[in-house]
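Undergrad: Next come a sequence and a model predicted from it.
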Amino acid sequence: MVFQLQHLAERIEASIEGNADIEIRELAKIESAGPGSLSFLANPKYLPHLYTTQASAVIVADDLKLEKAVEPSLLRCKDPYQAFASLLDTFYPEEKPEPGIDPLAFVHPEATIGQEVHIGAFCFIGAGVVIGDGCIIHPQVYIGNQVSVGNETVIYPQVRIYHQCQVGAHCIIHGGTTIGSDGFGFAPNAEGQYVKVRQTGNVIVEDHVEIGSNCCLDRATLGSTVIKKGAKLDNLVQIAHNVVIGENSVLAAQAGIAGSTQLGKSVMVGGQAGFIGHLHIADYTMIDAQSGVNKSIKKPGQAFRGSPIQSYRQQLKSEVFFRKLEAMQRKIDELEKALKAKD
């Protein structure tokens, strides 16, 4: 596809500095773009590339001040990254499979399938399942009895959704993820054996949630494990029984949330961070990668890091102090030797 720069500027509500008639054939990274490419600059560390890039045009922030003249035309807008992301569908429209049920899929007679739904080969759709309009169910997906799936949701291969779970509309669930497996519930008996506690609840995934590959979302012991509207889970995230993930919260890869912990809205969790159970995490909290969260956080909008967590600034100070410990120990040893020599 080829687009005039003026046309693209109108789509992202950007002003143009330079030639508005340039033809753009592709989107590209600023450091490797060539003629006919449109790129973007959002991270300041890539600023030097703006003066050397071969891109025909670059999306930049409204308030970016140039240090010298640049070769590409500039599209100035409020949020370059969002603007660039919005153009991906323009240049690379997603190919959707044709509606219909593959003859190699099993769909229970008591399942309800909406309009314009695609169900791929070797899928299993159980009794009482309700699948909304426009859904895409890729091959080898298992959907257990009494599951509901909202309109326009996409489920990729080898996803398993256990019985009675609910998935909302406009969700994306990537391959290998399991929703509704048993929570890790065991009680020791008098002989020291661990007896399984039945997990009788379900998992509720609300609208506009995206779940990465190979995530595990455990069903509740009682009630529901809930992923609220707009939340995003990266690959390999573990959500234990009765956890609640707040609206528009984001969890990076390998994060793990123990049972009954509740995250507020717009919480940001870095990769490999871990939470103990039964915590309450305030709205807009930020947890750095590999942090160990061992206490509830009541005040919104704070940042934490470390294991166990400290406030972000305090942890940085502690790390600086820790790096000085070896020199301090040497100094103490020298002083002890000096004192002994005087004796």
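TA: Thanks, I have it. Numbering: from 1, shown residues only.
Undergrad: what sits against residue 62?
TA: Contacts for residue 62 were tallied using CB atoms under 8 Å, 6 or more residues apart in numbering; they are 15, 76, 77, 78. Every C-beta, even on glycine, is put in place using the N, C-alpha and C of the backbone.
Undergrad: what about the first one, how many neighbours?
TA: What it means is residue 15. By other CB atoms under 10 Å, the residues close to residue 15 number 10.
Undergrad: what does the third one give?
TA: Number of residues near residue 77 (other CB under 10 Å) recorded here: 19.
Undergrad: same thing with the one 5 residues further on?
TA: A total of 13 residues lie near residue 82 under the criterion other CB under 10 Å.
Undergrad: again with residue 265
TA: Residue 265: 18 neighbours (other CB under 10 Å).
Undergrad: So it is in contact with residue 249, correct?
TA: Yes: with contact defined as CB atoms under 8 Å, residue 265 reaches residue 249; the gap is 6.5 Å.
Undergrad: who touches both of these two?
TA: What both residue 265 and residue 249 touch, as defined by CB under 8 Å, 6+ apart, is the set residue 228.
Undergrad: What are the buried residues along the lengthiest helix in the chain?
TA: Of all the segments of type helix in the chain, defined by DSSP state H, the longest one is helix 325-342. For helix 325-342, burial by neighbour count (16 or more other CB atoms under 10 Å) applies to no residue.
Undergrad: Show me what it is packed up against.
TA: Helices and strands touching helix 325-342, by 3 or more CB pairs under 8 Å, 6 or more residues apart in numbering; DSSP states H and E: there are none.
Undergrad: what's the offset of it from the middle of its chain?
TA: A distance of 50 Å separates the centroid of the chain from that of helix 325-342, by CA atoms, centre = their mean, to the nearest Å.
Undergrad: Quick one: mean pLDDT for it?
TA: Averaging pLDDT along helix 325-342 gives 89.
Undergrad: Ok, stretch 216-229 next?
TA: Mean predicted confidence for stretch 216-229 is 98.
Undergrad: how long is that stretch from one end to the other?
TA: 18 Å (CA to CA, to the nearest Å).
Undergrad: Tell me the secondary structure at the closest residue to residue 150 other than its chain neighbours.
TA: Nearest residue to residue 150, sequence neighbours excluded (CB to CB, 6 or more residues apart in numbering): residue 169, at 3.2 Å. Recorded secondary structure, residue 169: coil (DSSP: H, G, I helix; E, B strand; the rest coil).
Undergrad: residues near residue 169, how many?
TA: Quick note: residue 169 (other CB under 10 Å) scores 18 neighbours.
Undergrad: contacting residues around it?
TA: 132, 150, 151, 152, 153, 207, 208 are the contacts of residue 169 under CB under 8 Å, 6+ apart.
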